[in-house]
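# This is the structure alone, sequence omitted:
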Ligand code: ARG
């Protein structure tokens, strides 16, 4: 990384000038139009050494000029008042650095020396309820973070953590029992196996849940029946368990299809139910600490702290009817994860509106020794995806939009544009190809729209804007990347080969090389802040730079062969970096579009 090299040099120069070397930090210039790099250390140094900042920067530059690296690495270093040191690199060094990046499969990014073991909990769909747009952000952000942390060399385990153990399961079971009481699952005298075939289809299930959930709101008897069924299920009632397995299997098949379509996949398909066998052990730890307390028949643990600005209510672990709830399964899941993986971090990519829940669970777990205090439990929250009215995105009729419908809407929109583009350009493309490209472009539209926003921000989903082939959008970025592929295809078709990278010949070429060097710091920041939007911003900048590059330099027609070969190499490196970054965002680059 160039900033590392320059920091080394500047620190040496500060030291040789008699100042603390820690002032030699060099960063990429905030005004790339004015200079490439800058060191701002003379300002704080001025305070310590009680001197004018420009006097210090001038002295440091004088020292720098005596080094061999001045002229070979640094083209020029100048003071800009009050005491900034602006640095420009030589074209030769910029090219040499780009060659180093090019010669390494990982673009010079080393794998971390201290791999963390990170469980990342994302997705979190609920069994028997269709996936809706609320499940989109966790899938997109979680997948990207998982890929990024793996890329940096951590040991990452992505767990979907299905919602498969709560009241909704009891509701569905009790409703089936009410409407089909003669099924063997409800016959206490039943012996032997239960039927291997489910007594319902996915369509039935999707119909049952909203119906029974509405009924339970109006009818107390039904609500109580659902609670009782939940309790019995959790206690292992054999017929209920058999029925529950059918519900889970049918629902998971559909859930898998949805995630596949999103290009999101999980290492573990565990659910809340998997924590059931650890509940007793986790509760035993709390009993040992004597922190469980009864409150209105329920068992709770207090988790407030004196410094709290807002009230954090006690976490409820057993309801008065004895059944366990969301907090209990999350607590027992921590117990399980510690036992299974001994993680250093557990990340929860879940809507910010669940912040209080996670504060309760995390405090209860780490204050009482369910997890050691060194394990970092992090709620990676995010805002909502809103409609143009500023409220959470809904269907036209005002209902909750299914995720599959949203994906279809975006794919159809992409298809219209792609068909038009292909017709306009007379590209020969089969209809299978068109469907595949529309799918890829639709996915990029959706994912880029989401990931380009800082995760904590709410954003308005504006399909017209996000699907445009211009501006900061998924389609624009794919389009500029596919154009690189087109140029490379033409070069390859002419049997042309890559050659040694030459020093940059223009501002755009130089800027492109400097941008490629920023990859490592971009990925480091994105991982540190758990913020894929940093990568999203980078791919956009890279896309605009590479398009200026191929617009300004007509590579195919370049008469100077050495130059042409060098540009071929640079384009190909840019394509690799861009494809890698897009892959970290979970976005695929098509062959054509
Ligand atoms: N199923 C939950 C929901 O739909 C999300 C689960 C998030 N993960 C967790 N460990 N609580 O809200």
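Structure's in. What do you need? Values in this document were obtained by computation on a predicted structure and should not be read as measured data.
# looking at this, residue 372 is in a helix?
No - going by DSSP: H, G, I helix; E, B strand; the rest coil, the assignment for residue 372 is coil, not a helix.
# Could I get the contacting residues of it?
Counting by Cβ atoms under 8 Å, 6 or more residues apart in numbering, residue 372 makes contact with 338, 366. The C-beta positions use only the backbone N, C-alpha and C, and glycine is treated the same way.
# Do you have the strands of this protein handy? List them.
26-28, 37-39, 74-80, 84-89, 117-121, 155-159, 292-295, 298-301, 315-318, 345-349, 376-380, 385-386, 459-460 (DSSP state E).
# Turn the ones you listed into TSV, columns for mean pLDDT.
Shown next, in TSV, are the strands of the chain (pLDDT from 0 to 100):
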stretch	mean pLDDT
strand 26-28	97
strand 37-39	97
strand 74-80	96
strand 84-89	97
strand 117-121	98
strand 155-159	98
strand 292-295	95
strand 298-301	95
strand 315-318	95
strand 345-349	98
strand 376-380	98
strand 385-386	91
strand 459-460	92
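# closest one to the ligand among those?
Closest of the strands of the chain to the ligand is strand 117-121, at 4.7 Å (criterion: Cβ to the nearest ligand atom).
# which strands and helices sit next to the closest one?
Contact partners of strand 117-121 among helices and strands, from 3 or more Cβ pairs under 8 Å, 6 or more residues apart in numbering; DSSP states H and E: helix 136-151, strand 155-159, helix 326-341, strand 345-349.
# Report the buried residues of the second one.
This means strand 155-159. By 16 or more other Cβ atoms under 10 Å, the buried positions in strand 155-159 come out as 156-159.
# from these, which are also near the ligand?
The residues of the buried residues of strand 155-159 that also fall near the ligand, by Cβ under 6 Å from any ligand atom, amount to none at all.
# what separates stretch 304-324 from the chain centre, distance-wise?
Mean C-alpha position of stretch 304-324 versus that of the full chain (Cα atoms, centre = their mean, to the nearest Å) differs by 30 Å.
# swap in stretch 352-365?
21 Å.
# What residues are bridge-paired with residue 346?
With DSSP bridges as the criterion, the beta-bridge partners of residue 346 are residue 119, residue 377.
# and the gap between it and residue 371?
For residue 346, the distance to residue 371 equals 8 Å [Cβ to Cβ, to the nearest Å].
# next one: residue 83
Using Cβ to Cβ, we find residue 83 at a distance of 48 Å from residue 371.
# ok, and the closest non-adjacent residue to residue 526?
Spatially, and ignoring its direct neighbours in sequence, residue 526 is nearest to residue 534 (4.1 Å; Cβ to Cβ, 6 or more residues apart in numbering).
# Tell me the pLDDT of the closest residue to residue 139 other than its chain neighbours.
Leaving aside its chain neighbours, residue 139 sits nearest to residue 264 (4.8 Å; criterion: Cβ to Cβ, 6+ apart). Residue 264 is assigned a pLDDT of 97 by the prediction.
# got a list of what residue 264 touches?
Shown in contact with residue 264 (Cβ under 8 Å, 6+ apart): 123, 139-140, 142-143, 586.
# For residue 338, give me its contacts.
Contacts for residue 338 (Cβ under 8 Å, 6+ apart) come out as 370-372, 375.
# Turn these into a markdown table, columns for distance to residue 92.
Formatted as a markdown table, the contacts of residue 338 follow (distance: Cβ to Cβ, whole Å):
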| residue | distance to residue 92 |
| --- | --- |
| 370 | 58 |
| 371 | 53 |
| 372 | 52 |
| 375 | 48 |
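# Whichever residue of the stretch 1-150 of the chain sits closest to the ligand - how many residues pack around it?
With Cβ to the nearest ligand atom, the shortest gap between the stretch 1-150 of the chain and the ligand falls at residue 124, namely 3.0 Å. By other Cβ atoms under 10 Å, 22 other residues sit near residue 124.
# which residue sits closest to it, ignoring its sequence neighbours?
Leaving aside its chain neighbours, residue 124 sits nearest to residue 161 (5.2 Å; criterion: Cβ to Cβ, 6+ apart).
# quick one, what contacts that neighbour?
Counting by Cβ under 8 Å, 6+ apart, residue 161 has contacts 121-124, 270-272, 333.
# now, among those, which is nearest to residue 150?
Ranked by distance to residue 150 (Cβ to Cβ), the contacts of residue 161 are led by residue 122 at 13.6 Å.
# ok, that closest one - contacts?
Counting by Cβ under 8 Å, 6+ apart, residue 122 makes contact with 138-139, 141-143, 145-146, 158-161, 347-350.
# The same query, at a cut-off of 6 Å, please.
138, 142, 349 (Cβ atoms under 6 Å, 6 or more residues apart in numbering).
# State the phi and psi torsions of it.
Reported as degrees, to the nearest 10, the phi and psi values for residue 122 are phi -150, psi 170.
# Burial check on the closest residue to it other than its chain neighbours, number of neighbours?
With Cβ to Cβ, 6+ apart as the criterion, residue 122 has its nearest non-adjacent residue at 2.5 Å, and that residue is residue 142. Per other Cβ under 10 Å, the neighbour tally for residue 142 reads 28.
# Would you mind measuring from residue 142 to residue 554?
For residue 142, the distance to residue 554 (Cβ to Cβ) stands at 43 Å.
# Dump the contacts of residue 264 into TSV; add pLDDT and distance to residue 428 as well.
Compiled in TSV, the contacts of residue 264 are given as follows (pLDDT from 0 to 100; distance: Cβ to Cβ, whole Å):
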residue	pLDDT	distance to residue 428
123	97	39
139	97	35
140	98	33
142	98	39
143	98	34
586	98	30
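# Dump the residues you listed into CSV; add distance to residue 429 as well.
Below are the contacts of residue 264 laid out as CSV (distance: Cβ to Cβ, whole Å):
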residue, distance to residue 429
123, 34
139, 29
140, 28
142, 34
143, 29
586, 25
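# and the two most separated of those residues?
Using Cβ to Cβ, the pair of the contacts of residue 264 lying farthest apart is 123 and 586, separated by 12.6 Å.
# Report pLDDT for residue 129.
pLDDT for residue 129: 84.
# Tell me which residues touch it, please.
Taking Cβ under 6 Å, 6+ apart, we find residue 129 in contact with residue 209.
# mind redoing it with 10 Å?
Counting by Cβ atoms under 10 Å, 6 or more residues apart in numbering, residue 129 touches 135, 163, 168, 172, 205-206, 209-210, 213, 251, 400.
# do the same with residue 279
Neighbour list for residue 279: 234, 317-318, 324, 328-329, 331-333, 335-336 [criterion: Cβ under 10 Å, 6+ apart].
# could the residues you listed be laid out in JSON lines, adding distance to residue 425 and neighbour count?
Conversion of these to JSON lines gives the following (distance: Cβ to Cβ, whole Å; neighbours: other Cβ atoms under 10 Å):
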{"residue": "234", "distance to residue 425": "60", "neighbour count": "22"}
{"residue": "317", "distance to residue 425": "62", "neighbour count": "21"}
{"residue": "318", "distance to residue 425": "65", "neighbour count": "19"}
{"residue": "324", "distance to residue 425": "59", "neighbour count": "24"}
{"residue": "328", "distance to residue 425": "59", "neighbour count": "26"}
{"residue": "329", "distance to residue 425": "54", "neighbour count": "27"}
{"residue": "331", "distance to residue 425": "58", "neighbour count": "29"}
{"residue": "332", "distance to residue 425": "57", "neighbour count": "25"}
{"residue": "333", "distance to residue 425": "52", "neighbour count": "25"}
{"residue": "335", "distance to residue 425": "58", "neighbour count": "21"}
{"residue": "336", "distance to residue 425": "55", "neighbour count": "20"}
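# and the least confident of those?
The member of the contacts of residue 279 with the lowest pLDDT is residue 324, at 89.
# Give the buried residues for stretch 217-236.
222-223, 225-227, 229-234.
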